[in-house]
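A.B. asks: Show me the folded form of this:
(one chain, ligands or ions: 3)
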Amino acid sequence: MDFSIKPIEAKTGLLGVKTGCIAVGVFEDKKLSAGAKALDGKGAITAALKSGDITGKAGTTLLLRGLDGAAAERVLLVGLGNEESVSEKNFQAAVQAASRVFSNLGTNEATLALPFEEIKNRDVSWAIRCAVLAVRDANYRFDTTKSKKEEKGGVKKIAVLTSSAASNAAKTAAAQATALANGMALTKDLGNLPPNICTPTYLAGVAKKLAKDYKFGVEVLDRKQIEALKMGSFLSVTKGSEEPPKFIVMKYNGGKPKDAPIVLVGKGITFDTGGISIKPSANMDEMKYDMCGAASVLGTFRALGELGLKLNVVGVIPACENMPSGRASKPGDIVTSMSGQTIEILNTDAEGRLILCDALTYAERFKPAAVVDIATLTGACVTALGHHNTGLFTRHDDAHDALAQELLAAGKETGDTAWRMPIEDAYQEQLKSNFADMANIGGPPGGSITAACFLERYTKKYTWAHLDIAGTAWKSGAAKGATGRPVPLLTTFLINRANGK
Ligand code: BES
Ligand code: MN
Ligand code: ZN
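C.D. replies: Residues are numbered from 1 along each chain as shown. Ligands and ions are numbered 1, 2, ... in the order given. Coordinates of the predicted model:
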C-alpha cells in the first residue's frame with residue numbers, strides 16, 4: 001500500500017481531482033462536509049442524503065458514480081456522525097468503513113478527502129495515522145499457509161488530501177504510521193503462523209533477520225548458555241519439549257552510548273498445552289498465540305528500525321514450548337530461578353511467569369531506564385477486562401505512576417488502550433508456599449493480579465511495568481487472527497520517550 005499526501009488544489013478544488021474514487025464525509029441531519037459540498041454540483045449528494053440512501057451515521061457509506069462536474073470516477077460518501085466537529089470514535093469508524101470499501105473496489109488508486117484537520121481534541125497527525133492504520137488493517141491477509149493465494153484486488157495507492165499548511169505534519173505522520181503498520185503486520189504474521197512452523201528457533205531466525213535488515217545487535221542463547229546463566233525456572237518449562245529453547249536478546253542503539261535503555265521483555269511460549277496440568281482440548285489451537293508478547297517485541301523492533309528513533313532499546317525474549325512428557329515438570333516440583341528465589345510449581349500451566357521471571361532477572365544487567373514485559377499471561381485478565389483493554393500492572397509509587405501514565409497515554413493516543421490494575425501486598429500472600437520461597441499460582445481470586453505479583457518479585461532493581469495481553473493479542477471465532485496489539489502502544493511510548501516527552 002502506497003500513501004501520498006497532497007495539498008488540496010486551491011484552483012480546481014475537489015471537482016478537479018482525477019481519481020478512481022474520492023471519499024468525502026457527510027453528517028447526520030443531512031449536512032454535508034466541506035469536501036461533500038465541493039462535489040455536490042447539481043445536488044446529487046444532497047439528494048442522496050435527503051432520500052435516506054445514506055444516513056450520515058458514523059461508519060455508513062454510499063458509493064456514487066459519474067457525479068456531475070467531478071473528475072473522479074466514483075465518489076464515496078462516508079458518514080461521520082452528527083457533529084460538525086468529528087469525535088475520535090466517529091472518525092475511526094468512518095476511515096475503517098472507507099478502507100473496507102476501498103479494499104474491494106475495481107480501481108487501483110483512490111483519494112481520501114476527509115476532515116483530517118477537524119477532529120475534536122486531535123491534530124492532523126493523529127487523523128492521518130488513524131487512516132493509515134485502518135487501511136492497512138482492512139488489507140491485511142494471512143495466506144502463507146494456503147496452497148492457493150487469494151487475488152488481492154482493490155485500491156493499492158491512496159492520496160490523502162490536506163491543506164498545504166498541514167501537509168508537512170501529515171507527511172511525517174504517514175511515514176510513522178507506515179512503520180507502525182509494518183511492525184504490526186510482522187506481529188500478526190508471527191501470531192497467525194502455526195506452532196509447527198513458528199517454533200523458538202523460528203522466532204530466533206526472525207530476530208536475526210531483523211537485526212541484519214536494520215543493523216542492530218542480536219544474540220541467541222541456546223540451552224547450554226541458558227543453563228550456564230542458571231535460569232532454572234525457564235528451563236523447567238522447556239523440559240517436556242523436543243523443541244530446543246532459545247533466549248533472544250536484541251539491542252537497538254539509536255541513543256547515546258551512555259543512555260540507559262528501555263528493555264522490552266516478551267513471553268515467547270510458541271505453544272502452551274498446559275504441560276502435565278494439561279488444558280482442555282476445546283480451542284487449544286489458540287495457544288499458538290501464547291508467543292504474542294514475543295511477537296509484539298519483534299514487531300516493535302521492526303517499527304523502531306524503520307523509524308530510526310534516537311534512544312536505546314533492548315528486546316529480551318525467552319522462547320520455548322510448554323509440553324507434557326516423561327521429562328516434563330510435575331506439580332510439586334521445586335526449581336531455583338536465576339535470582340536465587342525458589343519456586344514450587346503447583347500448576348505447570350502457569351508457565352508464562354516461570355519463563356518471564358528469569359528474563360526479568362537477566363534484564364538487570366542493562367541498568368534499564370525502565371522495563372516493560374508483554375505477555376499473554378492469564379485467562380483471568382480476559383475475565384477482568386474482556387477484549388478491549390490490555391491489563392497494565394506496576395507498583396504504586398511516584399516513579400511507577402509516571403511510567404503507568406506514559407503507557408496509558410500512548411495506548412489512548414493510538415486506540416490501543418490499557419487499563420491499570422492494582423498490585424498490593426495483600427495479594428502477594430496468596431503466593432505463599434509451605435516448601436519454597438513462593439508458589440507459581442495464587443488460586444482463582446484475582447488471578448491476573450497474583451500473576452503480576454509473582455513477576456513483581458523479580459523486578460525490584462528497576463522501574464517496571466507488566467502488560468497482560470491475553471484478551472487483546474488475538475481474536476477468536478470467525479474473525480480468528482492476531483491483532484498486532486500492543487505494538488501501537490509500545491511504539492508510541494518509545495516515540496514519545498525519544499522526543500523527550
Ligand atoms: N497462556 C495462558 C493464559 C491464557 C489463557 C491466555 C487463555 C489467553 C487465553 C497461561 O499460560 C495460562 O495457562 N494461565 C493459567 C494460569 C493459572 C493456571 C493460574 C490460566 O490463566 O488459566
Ligand atoms: Mn499456561
Ligand atoms: Zn501460557
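A.B. asks: CA only for contacts and neighbour counts going forward, please
C.D. replies: Will do.
A.B. asks: Lys171 contacts Ile5, doesn't it?
C.D. replies: Yes: counting by Cα atoms under 8 Å, Lys171 does reach Ile5; the two are 6.0 Å apart.
A.B. asks: Can you pick out the residue with more neighbours from these two?
C.D. replies: Of the pair Lys171 and Ile5, Ile5 is the one with more neighbours under other Cα atoms under 10 Å, namely 23 against 18.
A.B. asks: for the helix or strand in which the more buried one is found, packing partners?
C.D. replies: Take DSSP states H and E as the rule and Ile5 turns out to sit in strand 2-7. Counting by 3 or more Cα pairs under 8 Å, 6 or more residues apart in numbering; DSSP states H and E, the packing neighbours recorded for strand 2-7 are strand 157-162, helix 167-192.
A.B. asks: Please work out which of those is packed deepest.
C.D. replies: Among the helices and strands packed on strand 2-7, helix 167-192 has the highest mean neighbour count (mean count of other Cα atoms under 10 Å), at a mean of 23.
A.B. asks: contact partners of the helix or strand following that helix?
C.D. replies: Remark: after helix 167-192, the chain's next helix or strand is helix 200-214, criterion DSSP H and E. Contact partners of helix 200-214, identified using Cα atoms under 8 Å, 6 or more residues apart in numbering, comprise 216-218, 220, 243-246, 248, 250, 268-270, 298, 301-302, 305-306, 319-321.
A.B. asks: If we use 7 Å, what do you get?
C.D. replies: Here helix 200-214 makes contact (Cα atoms under 7 Å, 6 or more residues apart in numbering) with Gly217, Val218, Val220, Pro245, Lys246, Ile248, Thr270, Leu298, Arg302, Gly305, Ala319, Cys320.
A.B. asks: got it, and stretch 93-101?
C.D. replies: Here stretch 93-101 has contacts from Ala58, Gly59, Thr60, Thr61, Val78, Gly79, Leu80, Ala131, Ala134, Val135, Ala138, using Cα under 7 Å, 6+ apart.
A.B. asks: who wins for most neighbours among those residues?
C.D. replies: Highest count within the contacts of stretch 93-101 by other Cα under 10 Å belongs to Leu80, 33 neighbours.
A.B. asks: didn't it look like it was pressed against Thr55?
C.D. replies: No: using Cα atoms under 7 Å, Leu80 is not in contact with Thr55; the gap is 9.8 Å.
A.B. asks: thinking again about what came up before, just the ones of the contacts of stretch 93-101 in helices?
C.D. replies: Counted as lying in helices by DSSP state H, out of the contacts of stretch 93-101, are Ala131, Ala134, Val135, Ala138.
A.B. asks: Next one: the closest residue in space to Arg302 that isn't next to it in sequence from Thr491, what distance?
C.D. replies: In this structure, Arg302 finds its nearest non-sequential neighbour in Gly183, 5.2 Å apart by Cα to Cα, 6 or more residues apart in numbering. According to Cα to Cα, to the nearest Å, Gly183 and Thr491 sit 9 Å apart.
A.B. asks: ok, now Thr300?
C.D. replies: Going from Thr300 to Thr491 by Cα to Cα gives 6 Å.
A.B. asks: give me the residue from the stretch 301-450 of the chain nearest ligand 2.
C.D. replies: Asp349 (3.6 Å; Cα to the ion).
A.B. asks: Quick one: neighbours of the nearest residue to that residue once chain neighbours are set aside, just the number.
C.D. replies: Nearest non-adjacent residue to Asp349, counting by Cα to Cα, 6+ apart: Gly274, 4.0 Å away. The number of residues packed near Gly274 is 21, by other Cα under 10 Å.
A.B. asks: pretty sure Gly274 is in a strand, no?
C.D. replies: No: counting by DSSP: H, G, I helix; E, B strand; the rest coil, Gly274 is not part of a strand but coil.
A.B. asks: Give the phi and psi angles for it, as a check.
C.D. replies: phi 100, psi -20 (degrees, to the nearest 10).
A.B. asks: Let me know whether it touches Ala328 as I believe.
C.D. replies: No: at 10.7 Å, Gly274 does not count as touching Ala328 under the criterion of Cα under 7 Å.
A.B. asks: hey, where'd the helices end up in the stretch 201-350 of the chain?
C.D. replies: 223-228, 232-238, 292-307 (DSSP state H, counting those that start in this stretch).
A.B. asks: tell me what the shortest one is packed against?
C.D. replies: Read it as helix 223-228. Counting contacts by 3 or more Cα pairs under 7 Å, 6 or more residues apart in numbering; DSSP states H and E, helix 223-228 is packed against no other helix or strand.
A.B. asks: now stretch 93-100: mean pLDDT?
C.D. replies: In this model, stretch 93-100 carries a mean pLDDT of 98.
A.B. asks: Can you give the distance from that stretch to the centre of its chain?
C.D. replies: 19 Å (Cα atoms, centre = their mean, to the nearest Å).
A.B. asks: then that stretch to CSV, C-alphas only?
C.D. replies: Taking Å, rounded to 0.1, in the frame of the first residue of the first chain, the C-alpha atoms of stretch 93-100 are listed here in CSV:
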residue,chain,number,x,y,z
ALA,A,93,-15.5,4.3,12.3
ALA,A,94,-15.5,6.4,9.1
VAL,A,95,-11.9,5.6,8.0
GLN,A,96,-12.5,1.9,8.8
ALA,A,97,-15.6,1.9,6.6
ALA,A,98,-13.9,3.7,3.8
SER,A,99,-11.0,1.3,4.0
ARG,A,100,-13.3,-1.7,3.7
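A.B. asks: Specify the residue ranges that define each domain of the chain.
C.D. replies: 2-162, 182-498 (automatic domain parsing).
A.B. asks: among those, which gets the worst mean confidence?
C.D. replies: domain 2-162 - the lowest mean pLDDT of the domains of the chain, at a mean of 95.
A.B. asks: What helices and strands are in contact with the strand of greatest length in the chain?
C.D. replies: Determined from DSSP state E, the single longest strand within the chain is strand 312-322. Strand 312-322 is packed against helix 232-238, strand 246-253, strand 262-266, strand 268-272, helix 352-362, with contacts defined by 3+ Cα pairs under 7 Å, 6+ apart.
A.B. asks: Next, format these as a markdown table and append mean neighbour count.
C.D. replies: Output for the helices and strands packed on strand 312-322, formatted as a markdown table (neighbours: other Cα atoms under 10 Å):
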| stretch | mean neighbour count |
| --- | --- |
| helix 232-238 | 26 |
| strand 246-253 | 23 |
| strand 262-266 | 27 |
| strand 268-272 | 30 |
| helix 352-362 | 25 |
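A.B. asks: The ones you listed into TSV, with extra columns for distance to Leu392?
C.D. replies: Shown next, in TSV, are the helices and strands packed on strand 312-322 (distance: least, Cα to Cα, whole Å):
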stretch	distance to Leu392
helix 232-238	23
strand 246-253	24
strand 262-266	14
strand 268-272	19
helix 352-362	15
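A.B. asks: Distance to ligand 2 added to those, as TSV?
C.D. replies: Converted to TSV, the helices and strands packed on strand 312-322 look like this (distance: least, Cα to the ion, whole Å):
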stretch	distance to ligand 2
helix 232-238	10
strand 246-253	18
strand 262-266	15
strand 268-272	5
helix 352-362	6
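A.B. asks: nearest to ligand 1, of the ones you listed?
C.D. replies: helix 352-362 (5.1 Å; Cα to the nearest ligand atom).
A.B. asks: And for the closest one, what's in contact with it?
C.D. replies: With Cα under 7 Å, 6+ apart, helix 352-362 has contacts from 231, 233-234, 267, 316, 318, 337-339, 377, 451, 455, 458-459.
A.B. asks: Tell me how far the helix or strand that that helix is followed by lies from the chain's centre.
C.D. replies: Next along the chain after helix 352-362, taking DSSP H and E as the criterion, comes strand 370-375. Strand 370-375 sits 14 Å away from the centroid of its parent chain (Cα atoms, centre = their mean).
A.B. asks: so Leu39 makes contact with Leu15?
C.D. replies: Yes: with contacts counted by Cα under 7 Å, Leu39 reaches Leu15, the gap being 5.7 Å.
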